[in-house]
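In: need coordinates for the following:
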Amino acid sequence: MGEIFSATWPFMIMTLLLVIFLAKLDFSKIVRKRAYRLPPGSRGWPLVGDSFSWYNAVASSHPPRYVEQQVKRFGKIFSCSIFGNWAVVSADPTFNRFVMQNEGKLFHSSYPKAFRDLVGKNGVITVQGEQQRKLHGIASNMMRLDKLKSHFLNDIQKVMLHTFNSIHNNQIILLQDVCRKLAINLMVNQLLGVLSESEINEMAQLFSDFVDGCLSVPVNMPGFAYHTAMKAREKIIGKIYRTIEKCKQQGASEVGNGMLGRLVEEESLPDEAVADFIINLLFAGNETTAKTMLFAVYFLTQHPRALKQLLEEQNSVRTNSPDGMLTWQDYKAMPFTQCVIDETLRLGGIAIWLMREAKEDVTYQDFVIPKGCFVVPFISAVHLDGNLYKGATSFNPWRWMDPENEEKRNWRSSPFYSPFGGGARSCPGAELARLQIALFLHYFVTTHRWIQLKKDQMSFFPSARLMNGFQIRLIKRHEEMKLM
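Out: Take a look at the predicted model:
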């Protein structure tokens, strides 16, 4: 693999430069047709603009570094050239919310070709207009609160218990891999129905390849991340199509209890749209859940006082129900756990920026953003703004217990906290993700303690991750009790 990359690296660079050059030519047509007043900014280097500075920042453990530097020079809304696009970038919470609330009106989503190809043209992430509203409504309905209580709560816990029971005492693991597999198991179980252990392992690897290709250079040749990701997509889509066919032949109740069966029975969507819809939910649900579970344990490991308080809370809600499962009341009795989740999402949320495009000339304050201009609300820059959050770069779950932050914490209405986006494209599975993460933390901390074996740090490109996978030794608490 290394030989393939060393041979194709010059070609990849040339391809990237050509894509950037053509994109700049295309946007220059827009520029010449009208006069406009973009926010202040810098063009950066010829042709590539500030692409390398942008990449170095988002690939680090502090994604908004480049944005913060530009904010000091030009203000919270500035313009720059990145990856062939003349873009308006914002660290301003009010403007970010303005963009999100005007989805489909003044702005629409805009994603790189690789991302569009992988998630599919019919998915809820990429479609526009009425079809987007329809698919978003279907997804929201499938994951509404009453279904979390009646349908998901016990299913999630069964997957958690199975996962942790399969890990041996004193076993050394990469928690990143465990969380990825666990999240895929959860999403596949809820969307497609129950799959075998070998199928879950295969899906976990396929989605790892899939995610790594989402922001890659779209070169469909062996050795490139895009090519590997497209091959993974083919296999995932194939599995979804086979499940669709089973649902039609045998009935959804015979195939399993997944959402796909209900989608086939209840919604008049063509098979291609159903497949893209499911792969969108698998992608979004897997990324949010897996990475937040991982980052929460990473932060808790660095902050023993927070871990101690979380463990005390989780021990206090351990259920006395006959089947040993937590109830909805138990879940609602986890206020500090919810603070840990919110703080993890603030510091390590995977949606560090949004990608939008102006549908028409947009006037905002003294600026005019021309039709076709790339607009980037940089969510992470708001979440890590020291003027909004005291000790913004520090993990402090207790900040969310402060009454002054109560309104700020409401992600549906707050411009200062947007881990699940906002407006018409807000995450329909936000509450399901929070439920999964809370239950993961419950079973993980009450059944195990752990020792970190290798230093680690976060990176957010091409996807959110810990650079060394977070290698830990897991010790089962009940085994320790036997020795006492």
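
In: bridging residues for residue 358?
Out: Beta bridges link residue 358 to residue 107 when assigned by DSSP bridges.

In: could you double-check that it sits in contact with residue 110?
Out: No: the pair residue 358 and residue 110 does not pass the contact test of Cβ atoms under 8 Å, sitting 9.3 Å apart. Glycine gets a C-beta too; all of them are placed from N, C-alpha and C.

In: low pLDDT regions in the stretch 1-150 of the chain?
Out: The stretch 1-150 of the chain contains residues with pLDDT under 70 at 1-36.

In: how much space separates residue 384 from residue 260?
Out: Distance, residue 384 to residue 260, using Cβ to Cβ, to the nearest Å: 38 Å.

In: more neighbours, the two?
Out: More neighbours surround residue 260 than the other of residue 384 and residue 260, with 25 against 22 (other Cβ atoms under 10 Å).

In: so which bits of the strand or helix carrying that one are buried?
Out: Taking DSSP states H and E as the definition, residue 260 sits inside helix 259-266. In terms of neighbour count (16 or more other Cβ atoms under 10 Å), helix 259-266 has its buried residues at 259, 260, 261, 262, 263, 264.

In: so residue 109 versus residue 350, what's the distance?
Out: Distance, residue 109 to residue 350, by Cβ to Cβ: 16 Å.

In: rewinding a little: export the helix holding residue 260 as PDB, just CAs?
Out: Coordinates of each C-alpha in helix 259-266 appear next as PDB, following Å, rounded to 0.1, in the frame of the first residue of the first chain:
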ATOM      1  CA  MET A 259     -36.400   0.500  10.700                       C
ATOM      2  CA  LEU A 260     -35.800  -0.600   7.100                       C
ATOM      3  CA  GLY A 261     -38.600  -3.100   7.300                       C
ATOM      4  CA  ARG A 262     -41.100  -0.500   8.500                       C
ATOM      5  CA  LEU A 263     -39.800   1.900   5.900                       C
ATOM      6  CA  VAL A 264     -40.500  -0.600   3.100                       C
ATOM      7  CA  GLU A 265     -43.900  -1.300   4.500                       C
ATOM      8  CA  GLU A 266     -45.000   2.200   5.300                       C
END
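
In: what residues does that helix touch?
Out: Contacts to helix 259-266, defined as Cβ atoms under 8 Å, 6 or more residues apart in numbering, come from residues 138, 142, 190-193, 240, 243-244, 247-248, 251-253, 255, 269, 274, 277-278, 281.

In: are any of the residues you listed buried, and which?
Out: Among those, those classed as buried by 16+ other Cβ under 10 Å are 138, 142, 190-193, 240, 243-244, 247, 252, 255, 269, 274, 277-278, 281.

In: which ones among the residues you listed are found in strands?
Out: The strands, defined by DSSP state E, take in nothing from these.

In: pretty sure residue 269 contacts residue 276?
Out: No: taking Cβ under 8 Å as the definition, residue 269 is not a contact partner of residue 276, at 9.5 Å.

In: dump the buried residues of helix 259-266 into JSON lines; add pLDDT and distance to residue 147 as well.
Out: Converted to JSON lines, the buried residues of helix 259-266 look like this (pLDDT from 0 to 100; distance: Cβ to Cβ, whole Å):
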{"residue": "259", "pLDDT": "75", "distance to residue 147": "10"}
{"residue": "260", "pLDDT": "78", "distance to residue 147": "15"}
{"residue": "261", "pLDDT": "75", "distance to residue 147": "14"}
{"residue": "262", "pLDDT": "72", "distance to residue 147": "10"}
{"residue": "263", "pLDDT": "78", "distance to residue 147": "13"}
{"residue": "264", "pLDDT": "77", "distance to residue 147": "17"}
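
In: dump the residues you listed to a markdown table, plus distance to residue 393.
Out: Shown next, in a markdown table, are the buried residues of helix 259-266 (distance: Cβ to Cβ, whole Å):
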| residue | distance to residue 393 |
| --- | --- |
| 259 | 38 |
| 260 | 41 |
| 261 | 45 |
| 262 | 43 |
| 263 | 42 |
| 264 | 47 |
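
In: ok, so of the residues you listed, who is nearest residue 317?
Out: Within the buried residues of helix 259-266, the smallest distance to residue 317 is 28.2 Å, found for residue 259 (Cβ to Cβ).

In: could you measure from that closest one over to residue 265?
Out: Residue 259 is 11 Å from residue 265, by Cβ to Cβ.

In: can you give me the helices in the stretch 301-450 of the chain?
Out: Secondary structure of the stretch 301-450 of the chain (DSSP state H, counting those that start in this stretch): helices at 304-316, 328-332, 335-348, 379-383, 406-409, 430-447.

In: picking that back up, who's more crowded, residue 358 and residue 110?
Out: Counted by other Cβ under 10 Å, residue 358 and residue 110 do not tie: residue 358 has more neighbours, with 22 against 19.

In: so what's that one up against?
Out: Residues near residue 358 by Cβ under 8 Å, 6+ apart: 106, 107, 369, 370, 371, 372, 373, 375.

In: among those, name the ones in strands.
Out: Using DSSP E, those in strands are 107, 369, 375.

In: where does the stretch 301-450 of the chain dip in pLDDT?
Out: Applying pLDDT under 70 to the stretch 301-450 of the chain flags residues 319-322.
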